[in-house]
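Sequence plus the predicted model coming up.
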Amino acid sequence: MQGYTDIETRGWVGRLPASWHPYALLARLDRPIGSWLLFLPGLWAFALTAPSWAEGLRLTLLFGIGAVAMRGAGCVVNDLWDRDIDLRVERTRGRPLAAGTVSPKQALGFLAGLCLIGLLVLVQLNRAAILLGLCALLPILLYPLAKRVTNWPQAMLGLTFSWAAPEGIAATTGQVGALALVLWAAGFLWILGYDTIYAHQDREDDAKVGIGSTALRFGEDTRPFLAACYAGMLALLALAGGLAGLEWPYLPALLLPAVLLARQVVTLDIHDPAGCLRLFKSNREVGLAVALAFLIGRL
């Protein structure tokens, strides 16, 4: 694992003005997978309950912008908390706050700008969605602390990253009922699984610095844990489709994300950090396949 990092300084980020580079890296704009994964549970909600294509597309655009801004804000909060720890972890020591290319004061100013973008998106929604969106600030702030006190920080991330599911339902229906909670629970189990895969990249360093994770908690037994998370997710997605009154074709359509998830379980090698990152990133396709299954059920 010596020298391993997932920071990407090439591509379009590398073509930005030099003074912008640290902020792009701080917001993880070099790795858009995080924004995708924050956004996708919201897309599930729109696929299930949007009253029209036009409204679904409007909300998709708003949630997409919000996901990029708030994922960036969450990363800034995380890195402010963790800058001393990040220096001691191989994969993260090049992050701007840990490396000193951005100061804490500059990061706080950048955070304020990202939160302003998120607020401008939020006020375009109905009252129920606005209130729910404001409530999301608490788990965003608490997540970086979880790794210091529990082996289950992935559970806190699951609560946070699946928030777009009930918020999406609130944005389309004006309320949060059983469907929103079931979709939230499905997202929670999905995130608990894929973030455990992600955490295996840092397993050895985390053990040295005393940070908890489900990767450390389950170790060589990660595969059955992953299978249980994904099986529960699929069962809850099937239930969500039933609660939403979808037509039966959505059930066979869920076989595609099921196959993609099964591939992660079967091919996981916890001793290959680059392979863990590839499997983690493949969850974008899983989330899109779930949204497609829901849309098929509404045709």
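Arrived safely. Residues are numbered from 1 along each chain as shown.

just how off-centre is stretch 219-236 within its chain?
Taking CA atoms, centre = their mean, to the nearest Å, one finds stretch 219-236 lying 17 Å from the centre of the chain it belongs to.

Next, the buried residues of that stretch.
Of all the residues in stretch 219-236, those buried under the rule 16 or more other CB atoms under 10 Å are 222, 225-227, 229-234, 236. C-beta here means a position set from N, CA and C on the backbone, and glycine is covered the same way.

Filter those down to the ones in helices?
222, 225-227, 229-234, 236 (DSSP state H).

Identify the residues contacting Leu239.
Val182 (CB atoms under 8 Å, 6 or more residues apart in numbering).

distance of it from Ile65?
Spatial separation of Leu239 from Ile65 under the definition CB to CB, to the nearest Å is 30 Å.

For the stretch 151-299 of the chain, which segments are assigned as strands?
All residues of the stretch 151-299 of the chain lie outside strands when identified by DSSP state E, counting those that start in this stretch.

all helices for it, in order.
Assigned helices in the stretch 151-299 of the chain, in chain order: 153-161, 164-173, 178-199, 203-209, 214-218, 222-243, 250-253, 255-267, 273-281, 283-296 (criterion: DSSP state H, counting those that start in this stretch).

Enumerate the positions of the third one that are buried.
Residues of helix 178-199 classed as buried under the neighbour-count rule (16+ other CB under 10 Å) are 179-199.

So which elements touch the helix or strand bottoming out on mean pLDDT in the chain?
Taking mean pLDDT, DSSP states H and E as the measure, the chain has helix 11-14 as its least confident helix or strand, at a mean of 74. Under the contact criterion of 3 or more CB pairs under 8 Å, 6 or more residues apart in numbering; DSSP states H and E, helix 11-14 touches helix 21-26.

Please enumerate residues in contact with the helix it packs on?
The contact list for helix 21-26 (CB under 8 Å, 6+ apart) reads 7, 9, 13-14, 16, 30, 72, 75-76, 79, 95-97, 101-102, 107, 110.

Give me the buried subset of these.
With neighbours counted using 16+ other CB under 10 Å, these contain these buried positions: 7, 13, 30, 72, 75-76, 79, 95-97, 102, 107, 110.

And Thr49, what's its pLDDT?
As predicted, Thr49 sits at a pLDDT of 97.

burial measure for it, as a count.
23 (other CB atoms under 10 Å).

quick one: low-confidence parts of this protein?
Scanning the chain for pLDDT under 70 picks out the ranges 1-10.

ok, and for stretch 135-149, which residues are buried?
Applying a neighbour-count criterion of 16+ other CB under 10 Å, the buried positions in stretch 135-149 are 136, 139-140, 143-144, 146-147.

With respect to Leu243, which of these is nearest?
Distances from Leu243 to these, taken as CB to CB, are shortest for Ala136 (22.8 Å).

give the contact list for the residue lying closest to the closest one once chain neighbours are set aside.
With sequence-adjacent residues excluded and distances taken as CB to CB, 6 or more residues apart in numbering, Ala136 is closest to Trp163, at 4.7 Å. Contact analysis of Trp163 by CB under 8 Å, 6+ apart lists 41, 132, 136, 139, 184.

can you redo the buried ones among the contacts of helix 21-26 as a markdown table with secondary structure and distance to Glu167?
Supplementary listing: the buried ones among the contacts of helix 21-26 in a markdown table, determined by DSSP: H, G, I helix; E, B strand; the rest coil; distance: CB to CB, whole Å:
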| residue | secondary structure | distance to Glu167 |
| --- | --- | --- |
| Ile7 | coil | 30 |
| Val13 | helix | 29 |
| Asp30 | coil | 26 |
| Gly72 | helix | 18 |
| Cys75 | helix | 20 |
| Val76 | helix | 21 |
| Asp79 | helix | 25 |
| Arg95 | coil | 28 |
| Pro96 | helix | 29 |
| Leu97 | helix | 29 |
| Val102 | coil | 30 |
| Ala107 | helix | 26 |
| Phe110 | helix | 24 |
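
any idea which of those residues is closest to Leu125?
The shortest gap between Leu125 and any of those belongs to Gly72, at 19.5 Å (CB to CB).

Leu260 versus the residue nearest to that closest one when sequence neighbours are not counted, what's the distance?
In this structure, Gly72 finds its nearest non-sequential neighbour in Ala27, 3.2 Å apart by CB to CB, 6+ apart. Taken as CB to CB, the spacing of Ala27 relative to Leu260 amounts to 28 Å.

same question, Val209
Per CB to CB, Val209 is found 33 Å from Leu260.
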